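> Any chance you could fold what I've pasted below:
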Amino acid sequence: AVDKDEIETGVRGPVEVRVERITHHVMLEDIPEPTQEGAVEVVEGVQREQGHRIVGVESAITALTERVAELERDNRRLKGTASVESQRVNRLQRGMSHMQRAEADTTTPIL
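Down below sits the predicted model:
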């Protein structure tokens, strides 16, 4: 197909312009078919379902993030408790070793 137009130029007058349209043959599968009834509703339903899933995932992420924060707090508290208990054990062991040395000193015969 060839279209012809005239374009005015200031100095020379009308100029003939030729425009050629290049077309490519297509396969039958390339030609879009009219939208089938119900297809839009199906797509909207799928999108709505995906939206619900996204909201569900976001809720799960929020819950898990809160749980991680709670576990981190518990972990810090337990580490503190373990540290206090460890210090208590160390004091008891030092006290016992002092007592054992004191007993050894009193039971040693003086020559």
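
> which residue ranges form the helices in the chain?
Using DSSP state H, the helices of the chain run over 39-107.

> Show me the shaky parts of it.
Applying pLDDT under 70 to the chain flags the ranges 1-17, 19, 22-26, 28-38, 107-111.

> what do you get if the cut-off is 80, keeping everything else the same?
1-42, 104-111 (pLDDT under 80).

> Contacts only, for Gln93.
Gln93 sits next to no residue when contact means C-beta atoms under 8 Å, 6 or more residues apart in numbering. Heads up, the C-betas are built off the backbone N, CA and C, glycines and all.

> gap between it and Val57?
52 Å (C-beta to C-beta, to the nearest Å).

> go on, Ala63?
For Ala63, the distance to Val57 - C-beta to C-beta - is 11 Å.

> do the same with Gln50
To Val57, Gln50 is 10 Å away according to C-beta to C-beta.

> repeat for Lys79
Distance from Lys79 to Val57, by C-beta to C-beta: 32 Å.

> How about Val46?
Distance of Val46 to Val57, given as C-beta to C-beta: 16 Å.

> Could you do Leu92 as well?
52 Å.

> Ok, Arg76 next?
For Arg76 relative to Val57 (C-beta to C-beta), the value is 29 Å.

> And Leu78, by the same measure?
31 Å.

> Kindly report the same for His98.
61 Å.

> Ok, Val84 next?
Val84 is 41 Å from Val57, by C-beta to C-beta.

> Alright, that wraps it up for me.
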